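Novice: can't give you the sequence, but here's the structure:
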Ligand code: SF4
Ligand SMILES: [Zn+2]
């Protein structure tokens, strides 16, 4: 399910195995290992297999490529056009894709919007250029994000902005304030914000630092804190790998309940789902937020999570 015009609607998510992202340097992203040499024909075979059983229930279709759907080297222009035509013919109401800002051009977005309502997801991660550049190695500035968002809007599309909760080298408390500030600064350029909770992907710098016990994915309480304070813009969150060793987590006992509340909030945008949540570990999380900055930025509870 996904949000469509403020209501929950059926959604089909397709992951196309393309050659992958051309940037592939972000410190938390393991997508580089997921690509494969794929011709345009290969991509069409994948797309047709994925949409074989598409039904009228699937009002929203998301196409992810572990890179940028609008990068013509990843998805050739002619294949993109065939995919868009296929979705429009199937009666899909809305398409969601992802792209780095450098591939967002008026022509590409107009091409898409002319066939189907289109949302472009952009991984801004944080509104802070210093954190984006040094902690994430993202390779673009807030200004470039802003310009790409303007291009999408001018072409009649909408923008989903991804924010990363807890990039490397940030304490739990700084991560929360960075996400809150980022939400506030990105909201004017976004139709919806999507909070991604950092998880440990293979082959990344984040994994190497986590293995040394010097990084911990965010607490789920931190996600709740951010989501309940962002009431000025729509914000969704899919707590991928919640409670898993490599994912965002609390104490283990309350993880599933909190993850469920986060999923419920994504569909209802109702912050009251967080009101009655409680667990003995909440006090520990509060102490971590308060004290971690005094511990030279190292996570206070990393030992139990070391390999
Ligand atoms: S996070 Fe996005 S831009 Fe960065 S390497 Fe991964 S796919 Fe590429
Ligand atoms: Zn707990």
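Specialist: Arrived safely. Bear in mind the structure is a predicted one, so any value in this text is a computation, not a measurement. Numbers count the residues shown, from 1 in each chain. Ligands and ions are numbered 1, 2, ... in the order given.
Novice: all contacts plus neighbour counts: C-alpha atoms, from now on.
Specialist: OK.
Novice: same for the helix or strand hosting residue 112, what does it pack against?
Specialist: Using DSSP states H and E, residue 112 maps to helix 106-113. Helix 106-113 makes packing contacts with helix 77-89, helix 142-154 when contacts are defined by 3 or more Cα pairs under 8 Å, 6 or more residues apart in numbering; DSSP states H and E.
Novice: Next, the angle from the helix or strand that that helix is followed by to helix 142-154.
Specialist: Per DSSP H and E, the first helix or strand lying C-terminal to helix 106-113 is strand 117-125. With axes from the mean of the first three to the mean of the last three Cα atoms, to 10 degrees applied, the angle from strand 117-125 to helix 142-154 works out at 170 degrees.
Novice: which bits of this structure sit near ligand 1?
Specialist: Taking Cα under 6 Å from any ligand atom as the criterion, the chain approaches ligand 1 at residues 21, 23-26, 29, 31, 66-67, 138.
Novice: Could you identify the pair within those that is furthest apart?
Specialist: 66 and 138 (14.7 Å; Cα to Cα).
Novice: For those two, indicate the residue with more neighbours.
Specialist: residue 66 (24 against 21; other Cα atoms under 10 Å).
Novice: Contacts only, for the more buried one.
Specialist: 15-18, 20-21, 31-32, 34-35 (Cα atoms under 8 Å, 6 or more residues apart in numbering).
Novice: where does the stretch 51-200 of the chain come near ligand 2, residue by residue?
Specialist: Within the stretch 51-200 of the chain, no position is near ligand 2 by Cα under 5 Å from the ion.
Novice: residue in the stretch 51-200 of the chain nearest to ligand 2?
Specialist: Closest residue of the stretch 51-200 of the chain to ligand 2, Cα to the ion: residue 172 (16.3 Å).
Novice: From the chain's centroid, how far away is the helix holding residue 112?
Specialist: 22 Å (Cα atoms, centre = their mean, to the nearest Å).
Novice: buried residues in it?
Specialist: 106, 108-113 (16 or more other Cα atoms under 10 Å).
Novice: Quickly note the distance from the residue of the stretch 201-307 of the chain at minimum distance from ligand 1 to residue 135.
Specialist: The stretch 201-307 of the chain approaches ligand 1 most closely through residue 204 (10.0 Å), counting by Cα to the nearest ligand atom. For residue 204, the distance to residue 135 equals 12 Å [Cα to Cα, to the nearest Å].
Novice: packing partners for the host helix or strand of residue 194?
Specialist: Following DSSP H and E, the helix or strand that holds residue 194 is strand 192-197. With contacts taken as 3+ Cα pairs under 8 Å, 6+ apart, strand 192-197 sits against strand 158-165, strand 235-236.
Novice: Dump those into JSON lines; add mean pLDDT and mean neighbour count as well.
Specialist: As requested, these are exported to JSON lines (pLDDT from 0 to 100; neighbours: other Cα atoms under 10 Å):
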{"stretch": "strand 158-165", "mean pLDDT": "98", "mean neighbour count": "26"}
{"stretch": "strand 235-236", "mean pLDDT": "96", "mean neighbour count": "24"}
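Novice: Mind putting those strands into a markdown table with distance to residue 119?
Specialist: Listed next are the helices and strands packed on strand 192-197 as a markdown table, based on distance: least, Cα to Cα, whole Å:
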| stretch | distance to residue 119 |
| --- | --- |
| strand 158-165 | 5 |
| strand 235-236 | 14 |
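Novice: residues making contact with stretch 89-97?
Specialist: Under Cα under 8 Å, 6+ apart, the answer for stretch 89-97 is 54, 56, 58-64, 68-69, 116-121.
Novice: Only whichever of these are buried, select them in PyMOL.
Specialist: To isolate the buried ones among the contacts of stretch 89-97 in PyMOL, judged by 16+ other Cα under 10 Å, type:
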select buried, resi 54+58+59+60+61+62+63+64+68+69+116+117+118+119+120+121
